[in-house]
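[1] sequence and predicted structure, then a few things I'm wondering about:
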Amino acid sequence: MTSANTVKVHFLGASGTVTGSKFYLETPEINVMVDCGMFQGLKELRLHNWTPLPIDASKIDVVLLTHGHLDHTGYLPRLLKEGFKGVIIGTPPTLAITCIILLDSAKIHEEEANQANKDGYSEHTPALPFYTIKEAEKTIALLKPQEIDQWTNLSKHVRFQFKYNGHILGASYIDLEIYGKRFVFSGDIGREKDELLARPERPQWADYLFVESTYGNKLHPEEEVQEIMSSLIKKTIHEHGNLIIPSFAVERLQSLMYMLWKLYKKNKIPNIPIFIDSPMGNNVLSVFEQFPKWHKLPMDEFRAMCNHFNIISSYADTWKTIDDPRSKIVIAGSGMVSGGRVLTYLKQLIDEPSTSVLLVGFLAEGTRGRQLLEGAHEIRLFGKYYPVKASIYHLESLSAHADQRELLEWMGAIKNIPEKVFLIHGEPTALDAFRVKIMDVHGWKAEIPKLNDEYVISIHT
């Protein structure tokens with residue numbers, strides 16, 4: 001005699017778009033949310049952040065985090081405001097990064113609200129922070145670490161394990177077993193070849209597969225990154241200009257530092273001043289030191305690299321750096337030019353022809369980074385427009401996301417035919433192209449859920 005147990009899956013983010021990753025699973029025994037991120041990019045997406053979730057947050061028992069990026073963790077304090085009282089589980093480096101990101105973003109939310117109220121450029125009176133530092137601290141109190149490769153029971157018939165996934169320090173994909181069926185959430189999948197991280201592990205079995213599709217329609221170009229960087233730096237020196245690199249604080253910043261450090265050691269670039277202006281990124285450097293087994297960089301090399309750069313901590317030093325007349329490189333957050341210290345540099349330097357801006361990695365639709373990439377003649381910063389006279393460059397091969405080939409290979413280790421494949425975390429063109437490619441390569445039918453879709457899955461036991 002068999003009975004059916006129902007699992008209801010709610011797609012509350014990263015569905016039909018890249019950001020806002022949130023997936024909620026209701027089971028007869030326990031309710032689980034996988035990731036709890038903020039929407040970024042287009043205003044219509046960002047507005048979702050301010051709308052309460054269409055579920056009862058007080059009924060969520062546990063949140064499992066694939067990694068610490070803002071679009072996977074940044075909604076957590078709001079989840080608490082909506083009634084969540086459960087536990088938040090991630091790998092130790094993921095939780096260390098989550099702490100840094102939540103506190104930093106809360107500080108930025110408070111500063112931006114204060115600035116908007118002072119200058120009067122917000123549509124809302126008064127402008128309110130998305131969440132406060134106190135709310136972030138309350139969230140951090142609920143974090144619980146769990147090592148990779150260890151099955152952990154959440155209830156009698158529900159268990160999970162984290163599996164190493166590259167991408168950023170601590171990142172994992174999640175095996176979630178419910179009544180004997182394997183639900184695999186890819187999180188963000190890393191690259192096969194990465195300067196700092198090992199290649200991702202690959203799932204062997206998946207009854208229900210939830211796979212990211214950020215680059216589902218693209219192959220990363222074979223770029224001579226070191227040569228491009230070297231020539232761009234020499235151009236900057238020759239023109240007595242500034243090279244500004246907007247960067248994600250987690251992984252990308254450290255990868256860029258390591259690349260520039262190697263170029264300098266090989267005498268490929270002169271000893272140009274390099275400023276690292278990302279408080280969050282500086283804090284992430286300490287996470288690299290705290291978890292040496294999670295990356296490939298020897299600690300003596302890591303410390304020598306850090307000593308080579310000018311690490312900026314105070315906002316007063318940001319202005320000193322801008323006023324420094326020397327040619328220089330500035331690496332500053334954020335990677336999509338959606339906030340952070342890089343906005344101050346661009347406000348002062350974007351209208352100078354001697355300025356070069358190097359964009360690295362994925363740039364979501366609606367972000368300033370995407371606008372610059374697509375040739376915008378002006379950008380809006382702090383409520384005002386500034387003409388873009390700087391030269392804009394892009395290195396896509398530095399992305400920490402697997403491309404289409406790498407995604408297909410990651411899935412290729414699965415020995416069974418999944419009952420359902422859900423494509424998530426991608427823009428519409430990438431999702432549809434990847435759907436077709438999966439059918440051509442693996443013969444699997446894939447579905448593209450929309451925001452707030454619900455799927456009911458019956459598991460017979």
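    Alright, I've got the coordinates.
[2] and after the least confident helix or strand in the chain by mean pLDDT, which helix or strand comes next?
    Least confident helix or strand, the chain: helix 279-290 with a mean of 85, by mean pLDDT, DSSP states H and E. Beyond helix 279-290 on the C-terminal side, the first helix or strand identified by DSSP states H and E is helix 299-308.
[3] for that following helix, packing partners?
    On a contact count with 3 or more Cβ pairs under 8 Å, 6 or more residues apart in numbering; DSSP states H and E, helix 299-308 meets helix 252-265, helix 279-290. Every residue, glycine included, has its C-beta placed from N, CA and C.
[4] circling back: ok, and what's touching the least confident helix or strand of the chain?
    Residues from elsewhere that reach helix 279-290 (Cβ atoms under 8 Å, 6 or more residues apart in numbering): 93, 96-97, 100-101, 104, 169, 247, 249-251, 253-254, 276, 295, 297, 299, 302, 306, 311, 313, 331, 333, 340-341.
[5] helices along the stretch 301-450 of the chain, start to end?
    315-323, 342-349, 368-373, 404-411, 428-442 (DSSP state H, counting those that start in this stretch).
[6] okay if I get the ones you listed as JSON lines plus mean neighbour count, distance to residue 19 and mean pLDDT?
    Output for these, formatted as JSON lines (neighbours: other Cβ atoms under 10 Å; distance: least, Cβ to Cβ, whole Å; pLDDT from 0 to 100):
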{"stretch": "helix 315-323", "mean neighbour count": "14", "distance to residue 19": "27", "mean pLDDT": "93"}
{"stretch": "helix 342-349", "mean neighbour count": "20", "distance to residue 19": "18", "mean pLDDT": "96"}
{"stretch": "helix 368-373", "mean neighbour count": "21", "distance to residue 19": "12", "mean pLDDT": "95"}
{"stretch": "helix 404-411", "mean neighbour count": "20", "distance to residue 19": "18", "mean pLDDT": "98"}
{"stretch": "helix 428-442", "mean neighbour count": "17", "distance to residue 19": "13", "mean pLDDT": "97"}
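[7] and those as TSV, adding distance to residue 185?
    As requested, those are exported to TSV (distance: least, Cβ to Cβ, whole Å):
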stretch	distance to residue 185
helix 315-323	38
helix 342-349	31
helix 368-373	26
helix 404-411	13
helix 428-442	16
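[8] and residue 228, which of these is closest to it?
    The closest approach between residue 228 and any of these, judged by Cβ to Cβ, belongs to helix 368-373 at 15.6 Å.
[9] distance between the closest one and the chain's centre?
    17 Å (Cα atoms, centre = their mean, to the nearest Å).
[10] other SSEs contacting that helix?
    Applying 3+ Cβ pairs under 8 Å, 6+ apart, one finds that helix 368-373 makes contact with strand 355-360, strand 378-381, strand 391-395.
[11] out of the ones you listed, deepest packed?
    strand 355-360 (a mean of 23; mean count of other Cβ atoms under 10 Å).
[12] wait, isn't residue 147 in contact with residue 164?
    No - in this structure, residue 147 is not within contact of residue 164 by Cβ atoms under 8 Å, at 10.7 Å.
[13] settle it for me: which of these two has more neighbours?
    Shown here are residue 147 and residue 164; by other Cβ atoms under 10 Å, residue 164 has more neighbours (19 against 10).
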